[in-house]
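J.: Structure of the sequence below:
(2 chains)
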Amino acid sequence: MRNPNPYEPYPVRIDDITVETEDKSLKTFKFVFLNPEHEEMFAYKSGQFAELSIPGQGEIPIGIASSPTEKGFVKFTVFKTGKVTSYLHSMQVGDIMGLRGPLGNWYPWEILEGKNILIIGGGFAFTTLRSSIKMMLDNREKFGKIDVVYGARSPGMLLYMDDLREWEAQGKINMHITVDRTDDPNWKYHQGFVPAITEKVAPPADDDTYAIVCGPPVMIKFTQPVLDKLGYKHDHIIMSLENRMKCGIGMCGRCNIGKELVCKDGPVFTLDQLNQMPKEY
Amino acid sequence: MTLIRIAKASWDGGLEKARKAYELIGPVPEKDSHKYAVLAEGQLPDMGFKNTKLSPKWVVFPQSEAMFTYTLDGTKENHHILQEVPAAPGARAVIGIRPYDAKAIQLTKMNFDNKDYKDPFWLRNYERCTFVGLAINAPSATDFSTSCGTGPFAEEGLDVLLVDAGEVYIAKVLTEKGKKFLDAAGFGEDAGADAAKTVEDLKAKAEAAITSKVSYNKIQGKTIMDLYDAPFWKDVLFGCINCGTCTYACPTCWCFDIQDEVKGTDGVRVRNWDSCMTALFTHHASGHNPREHEWERTRQRFMHKLKYFLDKYDAGLMCVGCGRCVEQCPANIDIRTVCNTMNAFEPGK
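T.: Below you'll find the model as predicted:
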């Protein structure tokens, strides 16, 4: 059961705040529901988002970074950029705000189970990918080979460093971490842009291998030809979009791309679907 | 179908009676035009109006509507927790709503009341309403409602249809809600054997007076991308200044914004009408705007009404042919021309 008023957020308390990047522009907020039964009502899948709702400021749509397998809290990583995100960055542990969701569709886990997964992420678009990786690791037997290509500008701009190190140490998935460039002599991972690394490490395309791509437009632009070259079919390339949103439930009308609403029909689309839609994102 | 006769001499008294059970909304003069407003004690609707500048969509979808209140005072109980604004009590009767405006409310209902989500604010406004429509005996030159799935005597979305037959109104009782309203007003006199024919004659005359048409029979056969990439947009829309008049005047435009407003420590979350004509409508926090140019926003509006809506709901146009945007556009952009251009367009030729 979910809230009968889809505009009413569940009250949450900020339980923890982590500064994720060296420039302090990204923080991860861990929320705990004031009313424990709201956690059950908030049951979500990796790839969904929620509206972070700050009374007096407004709401922002943010991808869910925690995994459905992590219980007792929900996590979001937020880039400080506009009015609401700037205010959120000034908030403290213990502060009360709201959480509205979960919203939108999710990566198509019904199809992805049993398949090989290639995750390609860039910059701070790694949040729902973190949720997905964590969820797949907690259900490792349900998936084939998992490859993760994740890149950021510099080592200090990579999100979730503790998770990345742990995943690499576990050896259950193939981690391909990269930075655009670094002069750190101890850097033991890749250097170079995500598309170039993808070309080197991506598994061969076949019917049982799906790519999930989430990153800045420039990364997507140069990754697509690489996937084409590797032979990935467009219905096997899954992407997550964002557009300006308000209601998050497909009613306010501003996030549409053609007849699809990113908040409700998306944010997850296959490249095949996107090819039939205007480029209004 | 029950037909009731309402002598015009008894109209005012009946409304006064109905007022005991209903808040009345109706057309009242405003400057050189009319608007729908809540009728104050003793105020009566001006039933001789042509068209209103704004439709009565605000009855279900107010220009500004408080959704939640909250306090930011940390010493108070439930601070920072949103409290739903209680529904306004009592029934409302919307007197003199035009058939195309009632149809428009049914079209927007598809958005606000769907299988996935129910908009509680819209629905509670809607449910308290009884729609007492007034047929249009003399349609204006910009009325093209008959090609938009409605018409001057259409009944969809109405509880009662009043037909002005000179000395009397003939009231068609369409729903239980409508009967209840007429009972409350004391209107129950049988309209007599000739009434049905009188209504049919007036209807035929009114429909025949509408010569303005649009065609959209070939739009669903074309892909979204064919129409989106069609070469005519910049030509058709070059005069548009993105003023947004059409979006506010339109009875089927439903886009909205949600804003927080705070005075001291008291806050309210409100929803306001918004317009796809503004740059800010789609402007990302990053600075990127997927609809950067003015003409792209105008294309969005027409594509939404005349293509996306058709494809999504398969229920005709998201336009009822009321003609308000045609009359009020300062740049003389005419949705009829746009619709017919889209319909006639042959991709690849």
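J.: Every contact and neighbour count from this point should use C-alpha atoms.
T.: Noted.
J.: ranges for the helices of the chain?
T.: I'll assume chain A. Per DSSP state H, chain A carries helices over the ranges A:36-41, A:83-89, A:109-112, A:127-137, A:161-170, A:194-201, A:217-230, A:271-275.
J.: other chain: chain B
T.: Taking DSSP H as the criterion, chain B carries its helices at B:8-18, B:99-112, B:120-127, B:176-185, B:195-209, B:224-228, B:233-237, B:245-249, B:294-303, B:309-313, B:324-328, B:335-344.
J.: near chain A, which residues of the stretch 201-349 of chain B show up?
T.: If contact is defined as C-alpha under 8 Å from any C-alpha of the partner chain, the residues of the stretch 201-349 of chain B in contact with chain A are B:224-225, B:228, B:254-262, B:267-269, B:276, B:281-286, B:289-291, B:303-304, B:308-309, B:311-312.
J.: PyMOL command for the buried members of the residues you listed?
T.: The following PyMOL command selects only the buried members of those, with burial defined by 16 or more other C-alpha atoms under 10 Å in any protein chain shown:
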select buried, chain B and resi 224+228+254+255+256+257+258+259+260+261+262+267+268+269+276+281+282+283+284+289+290+291+303+304+308+309+311
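J.: nearest to B:F112, of the helices of chain A?
T.: When these are ranked by proximity to B:F112, the top entry is helix A:36-41, at 22.0 Å, counting by C-alpha to C-alpha.
J.: Quick one: mean pLDDT for that closest one?
T.: Model confidence over helix A:36-41, given as mean pLDDT, is 95.
J.: same thing with stretch A:51-58?
T.: Averaging pLDDT residue by residue across stretch A:51-58 gives 98.
J.: can you give me the end-to-end distance of it?
T.: Its start and end residues considered, stretch A:51-58 measures 9 Å (C-alpha to C-alpha, to the nearest Å).
J.: Check whether it comes near chain B.
T.: Yes: looking at stretch A:51-58 against chain B by C-alpha under 8 Å from any C-alpha, the contacts come from A:54-58.
J.: Which one (most neighbours) among those residues?
T.: Within those, most neighbours by other C-alpha atoms under 10 Å in any protein chain shown means A:P55, with 26 neighbours.
J.: Go ahead and confirm that one touches B:H79.
T.: No: checked against C-alpha atoms under 8 Å, the pair A:P55 and B:H79 is beyond contact range at 9.4 Å.
J.: For B:T245, give me the pLDDT.
T.: Turning to B:T245, the model gives it a pLDDT of 97.
J.: got it, and B:F238?
T.: pLDDT at B:F238 comes out at 89.
J.: got the contact list for the residue nearest to it when sequence neighbours are not counted?
T.: Taking C-alpha to C-alpha, 6 or more residues apart in numbering or on different chains as the measure, B:F238 lies nearest to B:W295, with 6.7 Å between them; neighbours along the chain are not counted. The contact partners of B:W295, by C-alpha atoms under 8 Å, 6 or more residues apart in numbering or on different chains, come to B:233-234, B:237-238, B:240.
J.: just the buried members of those residues?
T.: Among those, those scoring as buried are B:233, B:237, B:240 (criterion: 16+ other C-alpha under 10 Å).
J.: Pick the one among these closest to B:P120.
T.: Distance from B:P120 was checked for each of the buried ones among the contacts of B:W295 by C-alpha to C-alpha. The minimum falls on B:C240, at 35.0 Å.
J.: residues contacting the closest one?
T.: B:294-295, B:298, B:331, B:333.
J.: Of those residues, which is the nearest to B:A165?
T.: B:A165 lies nearest to B:I333 out of the contacts of B:C240, by C-alpha to C-alpha, at 35.5 Å.
J.: Report the residue ranges of every domain in the chain.
T.: No chain was given, so I picked chain A. Domain assignment for chain A by automatic domain parsing gives A:10-103, A:109-240.
J.: ah, I was thinking of chain B
T.: Taking automatic domain parsing as the reference, chain B has its domains at B:2-52+B:87-209, B:224-344.
J.: Can you redo those as TSV, where the extra columns are distance to A:P203?
T.: Listed next are the domains of chain B as TSV, based on distance: least, C-alpha to C-alpha, whole Å:
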stretch	distance to A:P203
domain B:2-52+B:87-209	38
domain B:224-344	33
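J.: what's the burial count for residue 143?
T.: Just so you know, I chose chain A. Residue neighbour count, defined by other C-alpha under 10 Å, stands at 15 for A:F143.
J.: my bad, the chain I had in mind was chain B
T.: B:D143 sits with 24 neighbouring residues when counted by other C-alpha under 10 Å.
J.: and it, how far is that from B:K218?
T.: In this structure, B:D143 lies at 22 Å from B:K218, with C-alpha to C-alpha as the measure.
J.: and what of A:S240?
T.: Remark: distance between A:S240 and B:K218 (C-alpha to C-alpha) = 33 Å.
J.: do B:T298 as well
T.: Distance check for B:T298 against B:K218: by C-alpha to C-alpha, it reads 21 Å.
J.: So between those two, which is more surrounded?
T.: Using other C-alpha under 10 Å as the criterion, B:T298 and B:K218 rank with B:T298 on top: 24 against 13.
J.: List the residues that contact the nearest residue to the more buried one once chain neighbours are set aside.
T.: Closest residue to B:T298 in three dimensions, ignoring its sequence neighbours and counting by C-alpha to C-alpha, 6+ apart: B:M277, at 6.4 Å. The neighbourhood of B:M277, defined by C-alpha under 8 Å, 6+ apart, consists of B:242-244, B:247, B:294, B:297-298, B:301.
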